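>>> I'd like to go over a predicted model; first the sequence, then the structure.
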Amino acid sequence: MTVLAAIKPASGLGIDRARLIEANINPVTGLATDYLNHFNEAIMMLELAMQMPECIDDFCAWQPLSYCEHFAASRFKERDLAIAAYGQSDPALRRRLDELADAMNAILLATAAVVQRAEPDTLATLGEKALGRLRPLVAHAGAVIHGAESAAAEANEVDANQAAVDALFEH
């Protein structure tokens, strides 16, 4: 029996809302923040390497994983549910999350390539630059997972439309 066959359908994703909530999967988007742990782990290793250069190899050993690869390899109790919900989530949300993951992967891999050859006195500067780019991307990915990115975009569009209407009446 597949994971999806074992769960009751609910609105949106076709997966029981209570089960998603219990599994710490957003019931609206079908995405789980546990995926961000993969990137947070790399960030923590980079921070550690900046303080202790002998840990650079640990940071450089980190490898990118897609959302499904992360859950397939994880000890996340509801990993099959997370993968199934991802597959049923809005393709635009999946695409946006994947784009953000690709950007984080590129930064992390480029940073790993550079820090292996870096002089110890430049390691902190290189690490801080990477962290300065990574942290907002992780936050943005969190917003996508929680459905806040689309809500913020809609709010901005409403504000822009209202400003345009207001401007018409000012003149």
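Yep, it's here.
>>> Going by neighbour count, list what's buried in stretch 38-49.
H38, F39, A42, I43, M45, L46, L48, A49 (16 or more other CB atoms under 10 Å). All C-beta spots, glycine's among them, are computed from the backbone N, C-alpha and C.
>>> tell me the average confidence for that stretch?
Taken as a whole, stretch 38-49 has a mean pLDDT of 96.
>>> Now it - C-alpha only, CSV.
Taking C-alpha atoms only, stretch 38-49 is exported to CSV below (Å, rounded to 0.1, in the frame of the first residue of the first chain):
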residue,chain,number,x,y,z
HIS,A,38,20.3,20.3,5.1
PHE,A,39,21.4,23.9,4.4
ASN,A,40,21.5,25.0,8.0
GLU,A,41,23.9,22.1,8.6
ALA,A,42,26.3,23.4,5.9
ILE,A,43,26.0,26.9,7.3
MET,A,44,26.9,25.7,10.8
MET,A,45,29.9,23.8,9.3
LEU,A,46,31.0,26.9,7.5
GLU,A,47,30.7,29.0,10.7
LEU,A,48,32.8,26.3,12.5
ALA,A,49,35.4,26.2,9.7
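>>> neighbours around A32, how many?
When neighbours are defined as other CB atoms under 10 Å, A32 has 25 of them.
>>> Grab the nearest non-local neighbour of A112.
In space, and not counting its chain neighbours, A112 is closest to C60: 4.4 Å by CB to CB, 6 or more residues apart in numbering.
>>> Angles on the backbone of that neighbour, please.
phi -70, psi -20 (degrees, to the nearest 10).
>>> helix/strand/coil for P64?
Three-state call for P64 (DSSP: H, G, I helix; E, B strand; the rest coil): coil.
>>> just checking, it touches A110?
No - P64 lies out of contact with A110 (CB atoms under 8 Å); the separation is 11.8 Å.
>>> Looking at those two, which one has more neighbours?
With neighbours defined as other CB under 10 Å, P64 and A110 compare such that P64 has more, 16 against 11.
>>> can you count the residues close to the nearest residue in space to that one that is not next to it in sequence?
Residue nearest to P64 in three dimensions, not counting chain neighbours: N105, with 3.9 Å by CB to CB, 6+ apart. Residues lying near N105 (other CB under 10 Å) number 18.
>>> tell me the mean pLDDT for the helix or strand encompassing N105?
Here N105 sits within helix 91-115, counting by DSSP states H and E. Mean pLDDT, helix 91-115: 96.
>>> From the rest of the structure, what touches it?
29-31, 35, 39, 42, 46, 49, 56, 59-60, 62, 64, 66-67, 86, 123, 126-127, 130, 133-134, 137-138, 140-141, 144-145, 147, 149-150 (CB atoms under 8 Å, 6 or more residues apart in numbering).
>>> Tell me which of those residues fall in helices.
39, 42, 46, 49, 56, 59-60, 67, 86, 123, 126-127, 130, 133-134, 137-138, 140-141, 144-145, 149-150 (DSSP state H).
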